[in-house]
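Peer 1: Below is the sequence, then the predicted model.
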Amino acid sequence: MDRDQSFVSTTLLKLLNEQTDLSGTQIDLIDGFLFMLKKIKRHKTIRLINEKEIHPRFWRSHNRAFGYETKNHINEREFRLLYEFYLNVAFKEGFVEGKREYIQVTEKGLVYLQRRKEEQLELLFQYIWG
């Protein structure tokens, strides 16, 4: 898939819209993506449950950090779309790599973490709006 093509569903867009607090400074889309990369970096490796799926325990800490409630199956499926989006972008851009049953941040991912937040967000928007 080219970066010019979007792999974002309307369900994910709806979820992001619902989670956005226009009065705050936090932008969940980029802050959540950075949280994922930074946490993987801090732990060196995170366990995968298949080729490109992080163990659910990882996402529970993400949800707690952002105050997300995933009490029902519908809500949980919506958030799974967000996690898949994050991982799809990270793998496609080469920010992470999977090695056997673990995932780790690459040098390219470390460089991305040093960029200005506006540049980081712009990359994610390219995947959303194609």
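Peer 2: Looks like it arrived, so ask away. Numbering: from 1, shown residues only.
Peer 1: Now find how far off-centre the lengthiest helix in the chain is within its chain.
Peer 2: Ranked by residue count, the top helix of the chain under DSSP state H comes out as helix 73-93. Chain-centre distance of helix 73-93: 6 Å, with C-alpha atoms, centre = their mean, to the nearest Å.
Peer 1: Give the next helix or strand downstream of it.
Peer 2: Moving toward the C-terminus from helix 73-93, the next helix or strand (DSSP states H and E) is strand 96-99.
Peer 1: Show me what that next one is packed up against.
Peer 2: helix 73-93, strand 102-105 (3 or more C-beta pairs under 8 Å, 6 or more residues apart in numbering; DSSP states H and E). From N, CA and C alone the C-beta is placed, and that goes for glycine too.
Peer 1: In JSON lines: these, plus mean pLDDT.
Peer 2: As requested, those are exported to JSON lines (pLDDT from 0 to 100):
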{"stretch": "helix 73-93", "mean pLDDT": "85"}
{"stretch": "strand 102-105", "mean pLDDT": "96"}
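Peer 1: looking at those, which is closest to Glu122?
Peer 2: If you check each of these against Glu122 by C-beta to C-beta, helix 73-93 wins as the nearest, at 12.3 Å.
Peer 1: So which bits of that closest one are buried?
Peer 2: 78-79, 81-83, 85-87, 89-90, 93 (16 or more other C-beta atoms under 10 Å).
Peer 1: Tell me the one of those residues nearest Gln114?
Peer 2: Glu93 (14.3 Å).
Peer 1: would JSON lines of the buried residues of helix 73-93 with distance to Lys38 be doable?
Peer 2: As requested, the buried residues of helix 73-93 are exported to JSON lines (distance: C-beta to C-beta, whole Å):
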{"residue": "Glu78", "distance to Lys38": "23"}
{"residue": "Phe79", "distance to Lys38": "19"}
{"residue": "Leu81", "distance to Lys38": "21"}
{"residue": "Leu82", "distance to Lys38": "17"}
{"residue": "Tyr83", "distance to Lys38": "15"}
{"residue": "Phe85", "distance to Lys38": "17"}
{"residue": "Tyr86", "distance to Lys38": "12"}
{"residue": "Leu87", "distance to Lys38": "15"}
{"residue": "Val89", "distance to Lys38": "15"}
{"residue": "Ala90", "distance to Lys38": "12"}
{"residue": "Glu93", "distance to Lys38": "16"}
